[in-house]
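Colleague: all I have is the shape, not the residue letters:
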């Protein structure tokens, strides 16, 4: 992955030119650094030219690998100079660019040659070979005619009604690859009760390599009554073909299905060829891309199959019209559930099962085996042949979703594969790692934009996880492109593929304790990222940090350290450090790790420390000028020792007590955007705490979380802190989380007036009392509201247009809540209730029913109700 490698080299070169800890030898030419930086920037622009093309990527990808190797070679040469000096006790590192001049010149020359080859390839539009491969990779969904579609009957009926009743329309079916968009479209196309309403019906597939001429020819062949004209059409110009299409459809009511649309400009170009488009045309398109789907007047996001639909589809694909043997049904339902509702997975697994032994023993092995094989030994992995084979067969169908991603989004997508399969990835951790790796050239909001792009491309879901086939795709591509190497077993640890890897993903922490694996990892001096993503391991294992001097990322939260690993303080290139450790961090870490931007230390045992017992970080913390993210649970920032003390780049400060919220400290963190405060009350302490008193000094604060770990509100009617003056909160606050304060609901008016607040989370009796009335102008921009664990009974609003932007409502453990304002239904897109009063559940169902009557299928409300009583 050349683009990611270029970003990494750019980061190194920029650091060389700006760091106060690196001295360029006097006889070195400073122009070398600037020239190299400019060359890397130019290379990035060349690589990004691929984004605007749909050409053969096989040769381009081979060149991409060669460019990546050249970049890594130069990066190793530069950093080896710093690595050699890190073994010495030095505060200032020197680098003689003259010694690197020959290598830099060679790199520059190589890049110019590769750039020419690269540009030549992307200007070539001959894609015959790849097109043949893609045709061979056609999915089961594309092969069938949709007549025997299973599931999605609710969406099918609603879309069908719109096609029949509306005079015209542009309809978009949106969803990830393999979800069933094409099958649904084909069933609509072949449904005689639909086609009878149209004079002409056409079904054409565009695909990522859209060719205008081919589509016009396909349309003409379907609308023409003279089938012998096909060879004649081939001789006509594009403009004449366009006129013939217009002539064939003119003055007719027609339905055209455009399957697999990849670019909006392709759609705009093609629709221009259709006559009477604004009067009688019905166009149904399917797409993986939200940007394309937005052009539709009516948009339908195709859902995943539920458990019953999944089993019915699996059963039909294995046994056709025959019944499933009763002894296989239980295991069959388990297998279907493991397919996660994705139709293509179900069909592919069913195809494999239909060719294997259909015995109780064989099906039981498949149903009981875990597909989470990252932490299994090699012998266990072999038992997952059904799902692994299925993912392999699906790979070519899913691959274009990755292959046609813009260059800048690819590394971010692949990186999600380092996390365990089917896990919910912490948003902040993912974004921080993206930034620390250098994938993003700007900060947090760029990360949000990048993630939203991946969601819009139907690669990931908004809950920050990957469906298993896409997780498999990430890992397969990462291994092929040497993006990261995953160690699942002893065999992985000693395989030849581990050599010259720059990112290691350890999915079983026990592997560190095996000498062969330990030695193998220690021998890879090029490693820049060590990511321990396996299950939490509460026993200390040896990590070969003394041999990995070039580490930039060390994520070891899933390993417990009995003693602080002293080797860490010699990792001067370290940007991101996270680990689990109960003791105090040595002061030398803060003075020697001058590149550190992310410091996260969590305790193994989370024992409540009362305010007077909280510890403080060493005073040296104020020397960490590059620090962006600080989270050391149970430790506070010490008061500044001088007027010049400053943390100028600190953006996030988490898990501190109110003692870290003093005026002296907050004034010296001027860029702070996210603050998390934990209050731990002493049993005999009745003094009110006020973590909010000096928040007005944080003019850039966007996110605030303040929780009382051991609230007394269940034992007392008194609030923990006095009411909050609205002037305390910065007016730019976007997200607020409160827990355990016990404020009366009347005080909510002060929060409700915040002009930019979009997310509000109230947990563990943050507010208390039986009644809350939301006023007319409260929460003008609130989009998400969570209420968890409350004694609220009656919840009302003054007018039907209160909280006009609310689209996500989460109510959890609201046992006494009897009503939900029905007025919220006008804007809600998602509502989730967990263990709530049955009356509240009935109210939620009524809101959904009312909205379906009001809006039909255009903007459906997603309602989820979970109750422990039903388990």
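Modeller: Done, it's in. The structure displayed is predicted, hence computed values, not measured ones. Residues are numbered from 1 along each chain as shown.

Colleague: just give the nearest non-adjacent residue to residue 637, would you?
Modeller: Using CB to CB, 6 or more residues apart in numbering and skipping the chain neighbours, the partner closest in space to residue 637 is residue 660 (4.7 Å). All C-beta spots, glycine's among them, are computed from the backbone N, C-alpha and C.

Colleague: which residues touch the one you found?
Modeller: Residue 660 sits next to 636, 637, 653, 677 when contact means CB atoms under 8 Å, 6 or more residues apart in numbering.

Colleague: pLDDT score for the second one?
Modeller: Yep, that's residue 637 we're talking about. At residue 637, the pLDDT value in this model is 91.

Colleague: same question for the last one.
Modeller: At residue 677, the model reports a pLDDT of 92.

Colleague: please report how far residue 574 lies from residue 428.
Modeller: Distance from residue 574 to residue 428, counting by CB to CB, to the nearest Å: 19 Å.

Colleague: ok, now residue 441?
Modeller: Distance, residue 441 to residue 428, by CB to CB: 19 Å.

Colleague: higher neighbour count, the two?
Modeller: Relative neighbour count places residue 428 above the other of residue 441 and residue 428, with 17 against 12, counting by other CB atoms under 10 Å.

Colleague: residue 257 falls within a helix, correct?
Modeller: No. Looking at residue 257 with DSSP: H, G, I helix; E, B strand; the rest coil, it is strand, so not inside a helix.

Colleague: who does it bridge with?
Modeller: residue 203, residue 284 (DSSP bridges).

Colleague: how many neighbouring residues does it have?
Modeller: Using other CB under 10 Å, residue 257 is surrounded by 21 other residues.

Colleague: who's in contact with it?
Modeller: Neighbour list for residue 257: 185, 186, 188, 189, 201, 202, 203, 204, 283, 284, 285, 286 [criterion: CB under 8 Å, 6+ apart].

Colleague: same deal with residue 783?
Modeller: Residue 783 sits next to 758, 759, 805, 806, 807, 808 when contact means CB under 8 Å, 6+ apart.

Colleague: the residues you listed in strands, which ones?
Modeller: Members of the contacts of residue 783 lying in strands (criterion: DSSP state E): 759, 808.

Colleague: quick check, nearest of the contacts of residue 783 to residue 627?
Modeller: residue 759 (25.7 Å; CB to CB).

Colleague: and the closest one, how close does it get to residue 304?
Modeller: Remark: distance between residue 759 and residue 304 (CB to CB) = 26 Å.

Colleague: neighbour count winner among these two?
Modeller: residue 304 (19 against 16).

Colleague: nearest residue to the more buried one in space, please, no chain neighbours.
Modeller: Residue 304 sits nearest to residue 341 (CB to CB, 6+ apart), 3.1 Å away.

Colleague: can you tell me the SS state at the one you found?
Modeller: Here residue 341 is coil, with the state taken from three-state DSSP.

Colleague: any idea how far residue 198 is from it?
Modeller: Distance of residue 341 to residue 198, given as CB to CB: 32 Å.

Colleague: tell me the helix or strand right after the longest helix belonging to the chain.
Modeller: Identified as the longest helix of the chain according to DSSP state H is helix 57-86. The C-terminal neighbour of helix 57-86 among helices and strands, as given by DSSP states H and E, is strand 93-95.

Colleague: same for that following strand, what does it pack against?
Modeller: strand 22-24, helix 57-86 (3 or more CB pairs under 8 Å, 6 or more residues apart in numbering; DSSP states H and E).

Colleague: neighbouring strands of that strand in the sheet, and parallel or not?
Modeller: Partners of strand 93-95 in the sheet, by DSSP bridges, are strand 22-24 (parallel).

Colleague: the stretch 701-850 of the chain: helices as residue ranges?
Modeller: 748-752, 838-855 (DSSP state H, counting those that start in this stretch).

Colleague: can you give me the end-to-end distance of stretch 224-236?
Modeller: From its first residue to its last, stretch 224-236 covers 15 Å (CA to CA, to the nearest Å).

Colleague: mean confidence for it?
Modeller: In this model, stretch 224-236 has an average pLDDT of 75.

Colleague: just stretch 169-187 next, same as before
Modeller: 93.

Colleague: any buried residues in that stretch, and which?
Modeller: Applying a neighbour-count criterion of 16 or more other CB atoms under 10 Å, one finds 170-187 buried in stretch 169-187.

Colleague: starting at the chain centroid, how far to that stretch?
Modeller: Centre-to-centre, stretch 169-187 and its host chain are 23 Å apart (CA atoms, centre = their mean, to the nearest Å).

Colleague: what do you get for stretch 734-752?
Modeller: 30 Å.

Colleague: likewise stretch 200-212?
Modeller: Distance of stretch 200-212 from the chain centroid (CA atoms, centre = their mean) equals 30 Å.

Colleague: rewinding a little: most tightly packed of the helices of the stretch 701-850 of the chain?
Modeller: helix 748-752 (a mean of 18; mean count of other CB atoms under 10 Å).

Colleague: which strands or helices does that helix pack on?
Modeller: The helices and strands touching helix 748-752, judged by 3+ CB pairs under 8 Å, 6+ apart, number zero.

Colleague: what's the mean pLDDT across it?
Modeller: The model assigns helix 748-752 a mean pLDDT of 88.

Colleague: can you pick the most crowded of the contacts of residue 783?
Modeller: Among the contacts of residue 783, residue 806 has the most neighbours (other CB under 10 Å), with 24 neighbours.

Colleague: residue 786 is in contact with that one, correct?
Modeller: No. Judged on CB atoms under 8 Å, residue 806 makes no contact with residue 786 at a distance of 11.5 Å.

Colleague: low-confidence ranges in the stretch 601-750 of the chain?
Modeller: Within the stretch 601-750 of the chain, the stretches with pLDDT under 70 are 606-614, 683-690, 713-727.

Colleague: could you dump the contacts of residue 783 to CSV with pLDDT?
Modeller: Below are these laid out as CSV (pLDDT from 0 to 100):
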residue, pLDDT
758, 95
759, 96
805, 92
806, 93
807, 92
808, 93
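
Colleague: closest one of the contacts of residue 783 to residue 693?
Modeller: The nearest member of the contacts of residue 783 to residue 693, counting by CB to CB, is residue 759 at 23.5 Å.

Colleague: any idea how far that closest one is from residue 803?
Modeller: Per CB to CB, residue 759 is found 13 Å from residue 803.

Colleague: between these two, which contacts overlap?
Modeller: Residues touching both residue 759 and residue 803 (CB under 8 Å, 6+ apart) are 782, 785.

Colleague: next, count neighbours for residue 160.
Modeller: Neighbour count of residue 160, defined by other CB under 10 Å: 16.

Colleague: tell me the mean pLDDT for the host helix or strand of it?
Modeller: Secondary structure from DSSP H and E places residue 160 in helix 153-165. Averaging pLDDT along helix 153-165 gives 89.

Colleague: how big is the angle separating it from helix 838-855?
Modeller: If you take axes from the mean of the first three to the mean of the last three CA atoms, to 10 degrees, helix 153-165 sits at 20 degrees to helix 838-855.

Colleague: who touches helix 153-165?
Modeller: The contact list for helix 153-165 (CB under 8 Å, 6+ apart) reads 149, 169, 171, 173, 184, 187-188, 191, 193-194, 197, 255, 282, 284, 298, 300, 302-303, 856-857.

Colleague: same deal with stretch 455-462?
Modeller: Defining contact as CB under 8 Å, 6+ apart, one finds that stretch 455-462 is touched by 174-177, 288-291, 401-402, 405, 409, 413, 416, 451, 454, 466-467, 470.
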